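Chemist: Need coordinates for the below:
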Amino acid sequence: MPIALLPPQLANQIAAGEVVERPASVLKELVENALDAGATRIEVEIEAGGVRRLRIRDNGCGIPKAELTLAVARHATSKIARLQDLEAVGTLGFRGEALASICSVARVTLTSRPRGAEAGWRLLVNGLADNAECFPAAHPEGTTVDVEDLFFNTPARRKFLRTERTESTRLEEVLRRLALANPSVAFSLRSDGKGARTFPAVSPDRQLERVGAICGDAFLGAAFALDGERDGLRLHGWVAEPTFSRSQADLQYFFVNGRAVKDRVIAHAVRQAYSDVLYHGRHPAFVLFLDLPADAVDVNVHPTKHEVRFREQRQVHDFLFGTLKRAISDMRPEHRLAAKRQFGTGSAPVEALTSGGIPFGAIRPPQGALPLAASGQARSASLALYGQLAQGARALPSGDGPSLSGLGVGERVGEGAPPSPEEIPPLGYALAQLHGIYILAQNEDGLILVDMHAAHERITYEALKTARSAQGVRSQRLLVPVALAVSEGEADRAEDAQGFLQGLGLHVDRVAPTQLLVREVPALLADAPVEQLLRDVLADLQMEGDSARIQAAEEALLSTMACHGSVRAHRTLTIPEMNALLRAMEETERSGQCNHGRPTWAGLSLPELDRLFLRGR
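Modeler: Modelled structure (predicted):
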């Protein structure tokens, strides 16, 4: 066929294939236009999953009559005027393709009245913008876009749509994301004429109400607020405790400068931050907002604008990872208990950790009659154990596991009057041991139950990690160097990253254009398959520019050591030993979960116990 210009209608339909995937795509584009127009109230009505009808009404600035036809023309926009504007996009939309693409695959009615205008105007587009009709119409200030019979002229596209219920669910999810990012805007959604789902507008200091309305009370009951800032980057929002995990990644909301995005750099940073606190196969829950200069992020990567590209990807990744990891580390028992005490059993820990409440790290448990006198001994013992294992002595203590002398078993409960409530530690004092598995303790609020093996496993694991960090990565020279045949690209990466690899304990030489020689490996991984380990690290360097594979492998080994080196089930503990374990939990990072992501403790307040036994009824 000879080269020829595509007809405008066909060009718009091809563009629609990128922008308009399903009704949810239409909703996203039109609501973003309403938000860019300054709307403070947006009403959405759908019929038959948005296929039969999708109407969006807003109270934004409106469109003058002279610009109505331009609004549905391809590559016509009021949001950018020159190439430099793309370097710092400050609006949700900017391409000027959405309305034209939608009009090419649906019957669209656009009605608008600008602010201050005496009357509105209506534009009818029946699959072809060139034949649009415009006439006066009564309309309040703002704009209404009515989209009917989606894909009526492209039946092949319509066949790929799911059931009405599935499409409705996706429409609701899009609206939820937009409502989370814009708490000062009121949203409502009516489906097939039924009662509307509403999200009333809230002030910035009450944003938590919008989060609760969308994510639910269960999320609020497990979420902690965070707010970190560094080098022009700010991360704020809410993250749920690792024990509040999901089978699917359906409670993960991440916004970059108010735009909902899915980005592999962000996903990788979050995954690393939760790496050793999540139960296998589970997904964390969070609502997070990343703010950074507009010229530091490129949103013009994909027509749907779901993806972004950061100018300094490594800086953003490290900032996200560090901020999230610190927040997870600071989730101590006292924070959860303090919030529950202040706001009741159905209230959210996030309330206590927002402005004016209890910040991370602000509470330190009073030691009272049971000081953790021997915490230094525990660290020294762990350091000695790490040194032995690093040098090849893989033997672990036999029997029921090590004693808890390093955690302060020499403690004695003080005689005399019981301590005042202000002196009671967050996890309280031990009462008894249940079936040799659980510790029962009493605190100011009620009953605490602790899985003693899981709790001691986390304490030992964190001590081993601290010892490892103090000593650095030790290398062990191989008696016979391992030769690897690799591609020339892999060999180039290994040569360029030689300093990085040595920092991981890997000494790798390039001995030929496509051959590497491994002379040293990390001491803890001396028995690991060297060839596969190096190939995986090089693959990470190619994809991410970094690799945490060595650290992850070492931490997996330390986790196994901690598991075998912790008190076992059915081991009888004395009351001082149990109390020592409770005090160590209060001081240990991530003590709410074991190394495998299982919870280590749970609490029942007196009101909860009263309800359990119907007291007061």
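Chemist: Going by C-alpha atoms from here, please, whenever you check contacts or count neighbours.
Modeler: Noted.
Chemist: Past the helix or strand containing E577, which element shows up next along the chain?
Modeler: Assigned by DSSP states H and E, E577 falls within helix 575-587. Later in the chain than helix 575-587, the nearest helix or strand by DSSP H and E is strand 601-605.
Chemist: helices or strands up against that next one?
Modeler: Applying 3 or more CA pairs under 8 Å, 6 or more residues apart in numbering; DSSP states H and E, one finds that strand 601-605 contacts strand 446-451.
Chemist: quick check: angle from the strand it packs on to helix 575-587?
Modeler: Here the directions of strand 446-451 and helix 575-587 differ by 90 degrees (axes from the mean of the first three to the mean of the last three CA atoms, to 10 degrees).
Chemist: Can you name every helix or strand that the helix or strand just after strand 446-451 contacts?
Modeler: Remark: after strand 446-451, the chain's next helix or strand is helix 452-471, criterion DSSP H and E. With contacts taken as 3+ CA pairs under 8 Å, 6+ apart, helix 452-471 sits against helix 375-390, helix 549-564, helix 575-587.
Chemist: hmm, try it at 6 Å
Modeler: Under the contact criterion of 3 or more CA pairs under 6 Å, 6 or more residues apart in numbering; DSSP states H and E, helix 452-471 touches helix 375-390, helix 549-564.
Chemist: average pLDDT for that helix?
Modeler: Mean pLDDT, taken over the full extent of helix 452-471, equals 87.
Chemist: Now do it against helix 549-564, angle only.
Modeler: 140 degrees.
Chemist: which non-adjacent residue is nearest A213?
Modeler: Excluding the flanking residues, the one nearest A213 by CA to CA, 6 or more residues apart in numbering is F199, at 7.4 Å.
Chemist: Which strand residues bridge that neighbour?
Modeler: F187 (DSSP bridges).
Chemist: Now do the helices in the stretch 201-350 of the chain.
Modeler: Residue ranges of the helices in the stretch 201-350 of the chain, as given by DSSP state H, counting those that start in this stretch, are 207-215, 217-220, 264-273, 313-329, 333-343, 349-352.
Chemist: Least confident of those helices, on average?
Modeler: Across these, helix 349-352 gives the lowest mean pLDDT, at a mean of 38.
Chemist: Now do the residue nearest to A213 against R170, distance only.
Modeler: 17 Å (CA to CA, to the nearest Å).
Chemist: What is the least confident helix or strand in the protein?
Modeler: helix 349-352 (a mean of 38; mean pLDDT, DSSP states H and E).
Chemist: How much space separates the residue nearest to A213 from E43?
Modeler: On the measure of CA to CA, F199 and E43 end up 10 Å apart.
Chemist: Looking at these two, which is more packed in?
Modeler: Between F199 and E43, F199 has the larger neighbour count (other CA atoms under 10 Å), namely 22 against 18.
Chemist: Name the next helix or strand following the top strand by length along the chain along the chain.
Modeler: Secondary structure of the chain per DSSP state E: the longest strand is strand 475-485. Next helix or strand after strand 475-485 toward the C-terminus (DSSP H and E): helix 488-496.
Chemist: Can you give the contact residues for that next one?
Modeler: For helix 488-496, the surrounding residues in contact (CA atoms under 6 Å, 6 or more residues apart in numbering) are T514.
Chemist: now that helix and strand 475-485, what's the angle there?
Modeler: Interaxial angle of helix 488-496 relative to strand 475-485 (the same axes, to 10 degrees): 160 degrees.
Chemist: what's the next secondary structure element after helix 488-496?
Modeler: Downstream of helix 488-496 (by DSSP H and E), the next one is helix 498-503.
Chemist: Apart from its neighbours in sequence, what residue is nearest L484?
Modeler: L516 (5.1 Å).
Chemist: low-confidence ranges in the stretch 101-250 of the chain?
Modeler: Residue ranges of the stretch 101-250 of the chain with pLDDT under 70: 127-131.
Chemist: just the strands in it please.
Modeler: With DSSP state E, counting those that start in this stretch applied, the stretch 101-250 of the chain shows strands at 107-113, 120-126, 133-137, 142-148, 186-191, 197-199, 223-230, 233-240, listed in chain order.
Chemist: need those strands in a markdown table with distance to T166, can you?
Modeler: Formatted as a markdown table, these follow (distance: least, CA to CA, whole Å):
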| stretch | distance to T166 |
| --- | --- |
| strand 107-113 | 22 |
| strand 120-126 | 27 |
| strand 133-137 | 34 |
| strand 142-148 | 18 |
| strand 186-191 | 13 |
| strand 197-199 | 17 |
| strand 223-230 | 29 |
| strand 233-240 | 27 |
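Chemist: Any idea which of these gets closest to K159?
Modeler: strand 142-148 (16.5 Å; CA to CA).
Chemist: List the pairing partners of the closest one within its sheet, with orientation.
Modeler: Assessed with DSSP bridges, strand 142-148 is paired to strand 53-58 (antiparallel), strand 107-113 (antiparallel).
Chemist: mind exporting the longest one as PDB, just the C-alpha atoms?
Modeler: Spelled out, that is strand 107-113. What follows is strand 107-113, C-alpha atoms only, in PDB (Å, rounded to 0.1, in the frame of the first residue of the first chain):
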ATOM      1  CA  ARG A 107     -21.800   9.200  21.700                       C
ATOM      2  CA  VAL A 108     -20.800  12.200  23.800                       C
ATOM      3  CA  THR A 109     -22.800  15.200  25.000                       C
ATOM      4  CA  LEU A 110     -20.700  18.000  26.400                       C
ATOM      5  CA  THR A 111     -22.600  20.700  28.300                       C
ATOM      6  CA  SER A 112     -20.900  23.600  30.000                       C
ATOM      7  CA  ARG A 113     -21.400  27.000  31.500                       C
END
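Chemist: Name the residues of that strand that come out as buried.
Modeler: Neighbour counts using 16 or more other CA atoms under 10 Å place R107, V108, T109, L110, T111, S112, R113 of strand 107-113 among the buried residues.
Chemist: Please name the residues that touch the second one.
Modeler: For V108, the contacting residues are V125, D146, V147, taking CA under 6 Å, 6+ apart as the criterion.
Chemist: and with 8 Å instead?
Modeler: If you count contacts by CA atoms under 8 Å, 6 or more residues apart in numbering, V108 has them with I102, L124, V125, N126, G127, V145, D146, V147, E148.
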